[in-house]
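Trainee: I need the structure of the sequence given here:
(2 chains)
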Amino acid sequence: MNNRMNILYVITAVFLLVLPFVYESRTLLILLTQVFIFAIFAMSYDILLGYTGIVSFGHAMFFGIGAYTIGVFMKQFEPTIPYFLLAVLVTIVLTAIVSFVLGLLTLRLKSHFYAMLTLAFSGLFLVLAEKWRTVTYGNDGFTFRIPDLFKDRTDFYLICLVTMIVVFAILRRFTSSPLGRVLQAIRENEQRTESLGYSILHYKVIASVISGVMAGLAGLLYSMSLRFVNTSVFTMDITLDALLMTIIGGVGTLVGAIIGAGLIEFAHHWLTELAKVHWIFERWIIFFGIIYILAVMFFPMGIVGTLKKIKLNRTKKEEKKAEEKIAS
Amino acid sequence: MSTQLKLSEVETYIGQYHILQGVSFEVREGEVTVLLGRNGAGKTTTLRTIMGLNPPSKGEVIYKGEVIQGLPTYTVAQKGIGYVPEDQGIFSGLTVEENMKVAMKNNDDATKERLDWILELFPDLKKFWKKQGGLLSGGQKQMLSIARAYINENDLLLIDEPSKGLAPIVVEKVMETILQMKEKTTIVLVEQNFMMASTIGDKFYIIDDGKTVSEGSMNLLKEDEEMRRKYLGIA
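Mentor: Residues are numbered from 1 along each chain as shown, chains lettered A, B, ... in the order given. I've put the predicted structure just below:
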């Protein structure tokens, strides 16, 4: 099964790598670039929600830190590769520090208190971005230039795709490592995991740092794709997007986060396009609400989770049949 | 035989409820000490208090001469105390293999030997090695729970009602296993099934209304019908 899935992943990756050279569509290219970026963001959220059982309402703060870091560096300095690399490094360090400190302060709390505190901290970053006008230009935001290497849409598409594949591979390895197993054990039963000798806080902070850094990188790519950044990157909508993508795709699967990101971004695009047909589609957020409610009601395990369940039920039935055959 | 664990006048609250109101007992190395008592007497809370899951408000818990009350649960576990909870605590989304690997503190030869021994003892675990923990039967879950606590070289095992909800044939298997484990480690057992408790146990303590009310050798309790009727409700 794993081999078959790996072959499927490779085929999909090759298809996406070749796509811009065989099918010329600027809209599709931009849309897929957004999908890859949000897939990284959703995977980072899946590490928290799906693998460790932590619900965060403030994940946008890491996304925003990445978005503003690259924006400020490219605006204040020359848009060259060394400054870009420096911005990447600063994003990693900043998101790691913020997630570490925040995790240490808040992850001792019960899940709903943690969720509310992350929302509050995210709000603080939003206010900071609004008020620190000399650097952030307030709500209006600012445009910036990017290094020549990223200017071509196809090149940027390929860079985002490769980044997403690398992040997927790293997180997949991480989740199947002994450390990843402990995180899953924490998600299932915190007290029991602690009784086995694991410091829960220690492992939760590790998950929080990894997730925060990945979200920061997604934010960095996002503002590079727009060559613009404003305070919207710190808003609750960004966190809700990640939550929606992870839940619709299937929590605790990683690949579900990628599928969820694809579905949400394409749905967003199509619903906006449909506004030309009827004005009701201008209010696309209503349709997102409906999709979300239906998904939670009928597919609480998400697409990948539901497919896994169907497969599991089929295996169970086959096992039962085999047992009955032996008995008869 | 030296004293491995000692509880002195331990009192524990869960929320506003005063559950343990003075539990005292000693566990000697190499013995199986059984905690008996009616439902709701405080036996499970006693084990949880030792593990630090419900920290005591008064009294002392001493393990190998060191005060351990107030320590976080993971530190208590790292000191060599294994815990098999009443609800088995299986990680249902993880496979049997993953459940065992999460529990392993080391990956040395000694641990591998123990794993081989465990899999010989519980062939079902070997058979369903790649199966999710949540899909196992009640008996298999109990075996996995015991195996997980036993995979490390723990000096003391706290086992909470291992026979609860299991078919008689599975209870026998669990009992045989604990008897084999008894040769290698010290055990504190909470058990309602008196037949099982009296077969395995060396010493007993009766807990009633959160207090230790009686103690002695298991042979003594087997002969004392009145005490059994008074505190355990069995003849």
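Trainee: and B:Glu26, how far is that from chain A?
Mentor: B:Glu26 sits at a distance of 23 Å from chain A (criterion: Cβ to the nearest Cβ, to the nearest Å). For the C-beta atoms, the positions are set from N, CA and C on the backbone; glycine is no exception.
Trainee: Over the helix or strand hosting that residue, what's the mean pLDDT, rounded is fine.
Mentor: Assigning secondary structure by DSSP states H and E places B:Glu26 in strand B:17-28. Per-residue pLDDT values across strand B:17-28 average out to 93.
Trainee: for chain B, what are the nearby residues on chain A?
Mentor: Of all the residues in chain A, those in contact range of chain B (Cβ under 8 Å from any Cβ of the partner chain) are A:178, A:181-182, A:184-185, A:187-189, A:191-200, A:252, A:316.
Trainee: among those residues, which ones are buried?
Mentor: Buried members of the residues of chain A next to chain B, scored by 16 or more other Cβ atoms under 10 Å in any protein chain shown, are A:181-182, A:184-185, A:187-189, A:192-200, A:252.
Trainee: Which members of those residues are positioned in helices?
Mentor: A:181-182, A:184-185, A:187-188, A:192-195, A:200 (DSSP state H).
Trainee: can you put the residues you listed in JSON lines and add pLDDT?
Mentor: Formatted as JSON lines, the entries for these read as follows, by pLDDT from 0 to 100:
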{"residue": "A:Arg181", "pLDDT": "92"}
{"residue": "A:Val182", "pLDDT": "93"}
{"residue": "A:Gln184", "pLDDT": "91"}
{"residue": "A:Ala185", "pLDDT": "92"}
{"residue": "A:Arg187", "pLDDT": "90"}
{"residue": "A:Glu188", "pLDDT": "89"}
{"residue": "A:Arg192", "pLDDT": "90"}
{"residue": "A:Thr193", "pLDDT": "92"}
{"residue": "A:Glu194", "pLDDT": "92"}
{"residue": "A:Ser195", "pLDDT": "91"}
{"residue": "A:Ile200", "pLDDT": "92"}
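Trainee: all helices in chain B, in order from the N-terminus.
Mentor: In order along the chain, chain B carries the following helices (DSSP H): B:43-51, B:73-78, B:96-103, B:109-121, B:123-127, B:138-150, B:168-182, B:194-200, B:218-223, B:225-227.
Trainee: any idea which of the ones you listed is most buried?
Mentor: For the helices of chain B, the stretch with the most neighbours on average is helix B:43-51, a mean of 25; neighbours defined as mean count of other Cβ atoms under 10 Å in any protein chain shown.
Trainee: quick one on the thing from earlier: rank the helices of chain B by pLDDT, which is bottom?
Mentor: The minimum mean pLDDT among those belongs to helix B:225-227 (a mean of 76).
Trainee: Check which helices and strands it sits against.
Mentor: In terms of contact count using 3 or more Cβ pairs under 8 Å, 6 or more residues apart in numbering or on different chains; DSSP states H and E, helix B:225-227 is assigned no packing partners among helices or strands.
Trainee: Show me the strands in the stretch 101-250 of chain A, by range?
Mentor: Counting by DSSP state E, counting those that start in this stretch, the stretch 101-250 of chain A has these strands, from start to end: A:142-143, A:228-229.
Trainee: Columns mean pLDDT, distance to A:Arg108 and mean neighbour count on top of these, output as CSV?
Mentor: Supplementary listing: those in CSV, determined by pLDDT from 0 to 100; distance: least, Cβ to Cβ, whole Å; neighbours: other Cβ atoms under 10 Å in any protein chain shown:
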stretch, mean pLDDT, distance to A:Arg108, mean neighbour count
strand A:142-143, 94, 38, 15
strand A:228-229, 95, 33, 21
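Trainee: show me what contacts the residue nearest to the spatial centre of chain B?
Mentor: Among the residues of chain B, B:Ile159 comes closest to the average C-alpha position under Cα atoms, centre = their mean, at 1.4 Å. Residues counted as contacts of B:Ile159 (Cβ atoms under 8 Å, 6 or more residues apart in numbering or on different chains) are B:84, B:146, B:149, B:178, B:187-190.
Trainee: So which of those residues is the closest to chain A?
Mentor: The shortest approach to chain A among the contacts of B:Ile159 belongs to B:Ala149, at 8.4 Å (Cβ to the nearest Cβ).
Trainee: hang on, the earlier thing: quick one: closest of the helices of chain B to A:Lys308.
Mentor: Nearest of the helices of chain B to A:Lys308, taken as Cβ to Cβ: helix B:96-103 at 15.8 Å.
Trainee: what residues does that closest one touch?
Mentor: Residues from elsewhere that reach helix B:96-103, judged by Cβ under 8 Å, 6+ apart: A:178, A:181-182, A:184-185, A:193, A:196, B:90-91, B:94, B:115, B:125, B:128-131, B:133, B:136, B:144, B:147-149, B:151-152.
Trainee: repeat for stretch A:101-119
Mentor: Where contact means Cβ under 8 Å, 6+ apart, the residues beyond stretch A:101-119 that reach it are A:53-59, A:61, A:121, A:201, A:204-205, A:208-209, A:236.
Trainee: repeat for stretch B:188-202
Mentor: Taking contacts as Cβ under 8 Å, 6+ apart, the residues outside stretch B:188-202 that touch it are B:5, B:27, B:31-36, B:39, B:43-44, B:46-47, B:50, B:86, B:156-164, B:171, B:175, B:178-179, B:182, B:187, B:204, B:217-218, B:221-222, B:228, B:232, B:234.
Trainee: start to end distance for it?
Mentor: 10 Å (Cα to Cα, to the nearest Å).
Trainee: Likewise for stretch A:139-146?
Mentor: Across its full length, stretch A:139-146 reaches 21 Å end to end, with Cα to Cα as the criterion.
Trainee: What residues of it count as buried?
Mentor: Applying a neighbour-count criterion of 16+ other Cβ under 10 Å, the buried positions in stretch A:139-146 are A:141-142, A:144, A:146.
Trainee: same thing with stretch B:5-25?
Mentor: Neighbour-count burial for stretch B:5-25, counted by 16+ other Cβ under 10 Å, picks out B:5-7, B:10-13, B:19-20, B:22-23, B:25.
Trainee: ok, now stretch A:147-157?
Mentor: By neighbour count, and taking 16+ other Cβ under 10 Å as the criterion, the buried residues in stretch A:147-157 are A:147, A:150, A:156-157.
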